[in-house]
Structure formats: structure tokens, C-alpha cells
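> here is a sequence together with a model predicted from it:
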Amino acid sequence: MTAALSFLLPLACKDPETAAVQARAESYESKLAEGRTFMAANQPERAAKAFRSAANMSRDNSEPLMLLAEAHRAAGNEGSAILALKEAEAIAPGNDPAIQKQIADLYLRQGHVAEAISTLVALRNEKELSDPEILSLARLQARNGDADGAFKSLEPIQNLRPDDPNAKVVEAEILLIKGEELLAAKLMDRLVEENPNLMEARLLRVRYFLNSGYPEVAEQDVNGIDGENAKRPDVVLMRARILTRLAKHEEAAEALTQLVEEHPDHVDALAQLAEAKLNLGKNIEAGDLVEKVLRIRARYARALYVRGRVLEAQGDKRLAAENYEYALTADPLFAPALSQVWRMQQAAGQKNEAQATLQRLYKLGEASLEEKVALAQMYADSKTNLERGKKIVDELLQREPGNPKYVALKAALTPTPEKKKFNGPIIIRGGRHR
């Protein structure tokens, strides 16, 4: 008896309706299995077709739609992934938190930060977020300019555990974004002293030193991280950033190459390595790494930014600017692209645009010392946002009292008091006139 006949005999022994149901079920399961096989083989487009077929066979089941969303996401089609999740959401009773979280993540990947925050806030209000997810939401709100909303998100954790170290790290980050640098610095120092193995606190302080114009101090601080923590990807990436700022490009490339060997598909490591290669003048290698990243994750902001830098180095400023904008479309909060864009706008004489872009960077808490001074100078020149400019300069003067450049800048930001009109008698050639 052939295999085909042995398969058909059990169906023949059943009534037609039962046989049809069983055949559909087996076809459904085979399509799911086919899709999973394609996913394992890194063929997400073919997997998506199989999962769509399975979804059409079982329209009251959200599982194939969830798998379809993941396949679209792996293929870089975030818009299609969101649509698939919306279909799954319509099937699932109520608002399934798992689906909502995936939708929020896809919104972020597409650069729709406000929509992601709105989705996550709704989940927070329904108490459907874990503590780490609440902390991520608070950080995202702060970076998007809503410090009050960020503090509100922290409340449930801090009400239960006022000294929760992870929540305190996010609080320090919010303070930095608000421009309360001294308060943030004191809090970071305390957190590091009390929790020396809390890497989030250590790295936040390192980033603060780096952005504040003290790369040597940042390097010393990050070199104090030892043991297994020193091998963490986020620690290695931060060390590479510092080495780049110190123009130690060979060391940065060496550290990133080792990280990529250990984590071949780590997109941020690959993109930073591309930037390191670019800094060494190896433009072709940089471009190849960028394309590799974009094959792994289409529309990845750092890769698009590095491609822009490659093009700018080749003298193609128009295409470079386009790629910086693509990076900011993918991630509106991506600081390196903002830093590059405002300089290009300023060089092109687009003063208002440059000021607006640099202001966005400052509000993220990612502006360097040089950029803070530049923003304050823009405010002084345009006679706008004078109070914010004075606040920036006051923070700088607390670090460097009497710095003549900062003193002069503060004076330029301080409006000259209007002279009162004289209403007394005017004497002309000995006469008195009112």
C-alpha cells in the first residue's frame, strides 16, 4: 500500500464533513510548520506567505496573525506587521496586552514615538506593564519632552519602593533632560557608590561626563568597570564612543571588532564598527557594514546615519542630508543624526532650522558642551528663549565660575532694561517748558 493510500483510507472511513474538517486542520498545521521552517531558514518573506495562508484557513485564531506580524517585522515591513497585529487584536477578546506591547514596539521601530507612548500609557493605566517596561516608558516620555509624564509613570514604583535603584537611575536621567545637572550628578554619584554593580547608573554617569565635555573622565570611569560587566555589549559600545571622541579610532575599531565576533548580528555593534572604519578612512568597509546592518534590520537609524556620513565624506551633501533625514524618520530621537543635521543647516545659512534641530537635541539630554554653548549663542543672537539660554549658561557657570566666554554670553542673554522716559521740565536756552 502506498503512503498516499494509507493517508486517504482513514478519511474515507469518516463522513465527508468530518473528513473535510480534519483535512483543513492538517492543512492549517502544515502551513504553520512551513512558516516556522522558513523563519528558521531566515526567509521571512516566504514565511509570511505561509502564515497568511494559515490565517485564512482559521479566521477565528489569532496565532497565525501573530506569527505573520513577526515574519513581516523580520523582513523589515513594520507597517504590514502592525496591520497583522491589528487583525489579531480584532479577534482577541478585549485589548490583549501582548498584542498592544508588540504594536507599541513596532510604532517605535517606525519612528511613531507619540503613538507608541500613547499605547504604553494605556497599558500602564491598566496596570499591564512590568516594572522594567514602566521604566522604559518613563525614559521614553522624558526623551520625548514630557518630563512630568515620565515622573508620573515612575510613581507606582517609587510609592512602593522609594529607594528603588533602577527607578532612581531613570529619575536621574529625567533630571538631566530637564537641565537639572547638579541634582542629577549628586543622585548618580550616590547610586554608583551604593550600587557599584548597577551598570545602568554607571553608564548614565559615563554618558553625562562624555556629553559634558570630559571624555578623559568618562574613559576613566568606564575603565573602572571590570569582570564580566566589562564584556557587556552596552559597556563595550560606550567605551567605543569614548575612544572615538578621544580620536582613538584604532582602539575603538578593535573593541568593536571583538564585540561583533562575539555577537555577529548585533546591529548597533555593526553600525558603530562601520563608523569606526569610516573614521579610519576605510569608506568601502564602512559602506559594506552599513548594508549588512540594513539587510538584518531595514531602516535602522544608526546605519542610515553612518551611510549619510559616508556620503558626506565623499562630498555628496544632498544624499547625506537625505540619509540623515531617513535616520530621523526611523528614530526621531536619534541624537547623532540631529547633531549632524543642525551643523549642515547652519552651514547652509538656515538659522531657524538649525536652532530648532539643536533645541531638539538639547531637550533629549544629548547635547555636548560645545552644542549647549552653540544653542545659548543662537538664543542670544535671535533674542528668543532668553530664559532657557540663561539657564544653560548658569549651569555652565556653576561648573566653571568666571569663565569669560560664559559671562559674556550670559550678558548677551540678559535684556537691557528700558530707560524710563523723563517727564520733568525741559529747559531750553534758559526758558522752562513743560
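Arrived safely, thanks for sending. Note that the structure is predicted; figures quoted are calculated from it, not measured.
> helices of the stretch 251-400 of the chain, residue ranges please.
Taking DSSP state H, counting those that start in this stretch, the helices of the stretch 251-400 of the chain run over residues 267-279, 283-296, 301-313, 317-330, 335-347, 351-363, 369-382, 386-399.
> now these in TSV, with distance to Leu68?
(C-beta placed from N, C-alpha, C; glycine too.) Converted to TSV, those look like this (distance: least, CB to CB, whole Å):
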stretch	distance to Leu68
helix 267-279	23
helix 283-296	20
helix 301-313	25
helix 317-330	22
helix 335-347	31
helix 351-363	36
helix 369-382	43
helix 386-399	47
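> any chance of those in JSON lines, with mean neighbour count, distance to Ala230 and mean pLDDT too?
JSON lines is the format used below for the helices of the stretch 251-400 of the chain (neighbours: other CB atoms under 10 Å; distance: least, CB to CB, whole Å; pLDDT from 0 to 100):
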{"stretch": "helix 267-279", "mean neighbour count": "24", "distance to Ala230": "15", "mean pLDDT": "96"}
{"stretch": "helix 283-296", "mean neighbour count": "18", "distance to Ala230": "24", "mean pLDDT": "92"}
{"stretch": "helix 301-313", "mean neighbour count": "24", "distance to Ala230": "23", "mean pLDDT": "94"}
{"stretch": "helix 317-330", "mean neighbour count": "18", "distance to Ala230": "30", "mean pLDDT": "93"}
{"stretch": "helix 335-347", "mean neighbour count": "20", "distance to Ala230": "24", "mean pLDDT": "95"}
{"stretch": "helix 351-363", "mean neighbour count": "18", "distance to Ala230": "30", "mean pLDDT": "93"}
{"stretch": "helix 369-382", "mean neighbour count": "19", "distance to Ala230": "27", "mean pLDDT": "94"}
{"stretch": "helix 386-399", "mean neighbour count": "18", "distance to Ala230": "29", "mean pLDDT": "89"}
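> Leu210: which of those helices is closest?
For the helices of the stretch 251-400 of the chain, proximity to Leu210 was assessed by CB to CB; helix 369-382 is nearest, at 9.8 Å.
> tell me what the closest one is packed against?
Here helix 369-382 touches helix 351-363, helix 386-399, helix 404-413, going by 3 or more CB pairs under 8 Å, 6 or more residues apart in numbering; DSSP states H and E.
> CA atoms only for it - export them in CSV, please.
Only the C-alpha atoms of helix 369-382 are listed here, as CSV (Å, rounded to 0.1, in the frame of the first residue of the first chain):
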residue,chain,number,x,y,z
LEU,A,369,29.2,71.0,25.9
GLU,A,370,30.0,72.7,22.6
GLU,A,371,26.4,72.3,21.4
LYS,A,372,25.0,73.7,24.6
VAL,A,373,27.1,76.8,24.2
ALA,A,374,26.1,77.0,20.5
LEU,A,375,22.4,76.8,21.4
ALA,A,376,22.7,79.5,24.0
GLN,A,377,24.6,81.7,21.4
MET,A,378,21.7,81.1,18.9
TYR,A,379,19.2,82.3,21.5
ALA,A,380,21.3,85.4,22.2
ASP,A,381,21.6,86.2,18.5
SER,A,382,17.9,85.7,17.8
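> what angle do it and helix 335-347 make?
40 degrees (axes from the mean of the first three to the mean of the last three CA atoms, to 10 degrees).
> and helix 369-382, how far from the chain's centre?
Averaging C-alpha positions (CA atoms, centre = their mean, to the nearest Å) puts helix 369-382 24 Å from its chain's average.
> re the thing from before, between the helices of the stretch 251-400 of the chain, which one is closest to Thr244.
Comparing these by CB to CB, helix 267-279 comes nearest, at 6.5 Å.
> list the buried residues for whichever helix or strand Ala88 is part of?
Secondary structure from DSSP states H and E places Ala88 in helix 78-91. By neighbour count on 16 or more other CB atoms under 10 Å, the buried set for helix 78-91 is Glu78, Ser80, Ala81, Ile82, Leu83, Ala84, Leu85, Glu87, Ala88, Glu89, Ile91.
> next up, the contacts around the second one.
Read it as Ser80. Residues near Ser80 by CB atoms under 8 Å, 6 or more residues apart in numbering: Ala48, His72.
> can you do 6 Å?
Each residue near Ser80 by CB atoms under 6 Å, 6 or more residues apart in numbering is listed here: His72.
> same question, the third one
Residues touching Ala81, when contacts are defined by CB under 6 Å, 6+ apart, comprise Ala69, His72, Arg73, Leu106.
> would JSON lines of these with distance to Asn323 and pLDDT be doable?
Shown next, in JSON lines, are those (distance: CB to CB, whole Å; pLDDT from 0 to 100):
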{"residue": "Ala69", "distance to Asn323": "28", "pLDDT": "85"}
{"residue": "His72", "distance to Asn323": "24", "pLDDT": "85"}
{"residue": "Arg73", "distance to Asn323": "23", "pLDDT": "78"}
{"residue": "Leu106", "distance to Asn323": "22", "pLDDT": "82"}
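> circling back: Tyr28: which of the buried residues of helix 78-91 is nearest?
Using CB to CB, Ile91 comes nearest to Tyr28 of the buried residues of helix 78-91, at 14.9 Å.
> verify the stated contact: that closest one with Ser62.
Yes: assessed by CB atoms under 6 Å, Ile91 is found in contact with Ser62 at 4.5 Å.
> shared neighbours, the two?
By CB under 6 Å, 6+ apart, Ile91 and Ser62 have no common neighbours.
> among the helices of the stretch 251-400 of the chain, which is nearest Ala240?
Ranking these by proximity to Ala240 (CB to CB) places helix 267-279 first, at 5.7 Å.
> name the helices or strands packed onto that closest one?
Judged by 3 or more CB pairs under 6 Å, 6 or more residues apart in numbering; DSSP states H and E, the packing partners of helix 267-279 are helix 249-262, helix 283-296, helix 301-313.
> any idea of the angle it forms with helix 335-347?
If you take the same axes, to 10 degrees, helix 267-279 sits at 40 degrees to helix 335-347.
> about what we covered before: I'd like the helices and strands packed on helix 267-279 as a markdown table, with distance to Glu200 appended.
A markdown table is the format used below for the helices and strands packed on helix 267-279 (distance: least, CB to CB, whole Å):
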| stretch | distance to Glu200 |
| --- | --- |
| helix 249-262 | 19 |
| helix 283-296 | 25 |
| helix 301-313 | 20 |
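> and of those helices, who's closest to Glu173?
For Glu173, the closest of the helices and strands packed on helix 267-279 is helix 301-313, at 19.6 Å, according to CB to CB.
> how far off centre is the closest one?
17 Å.
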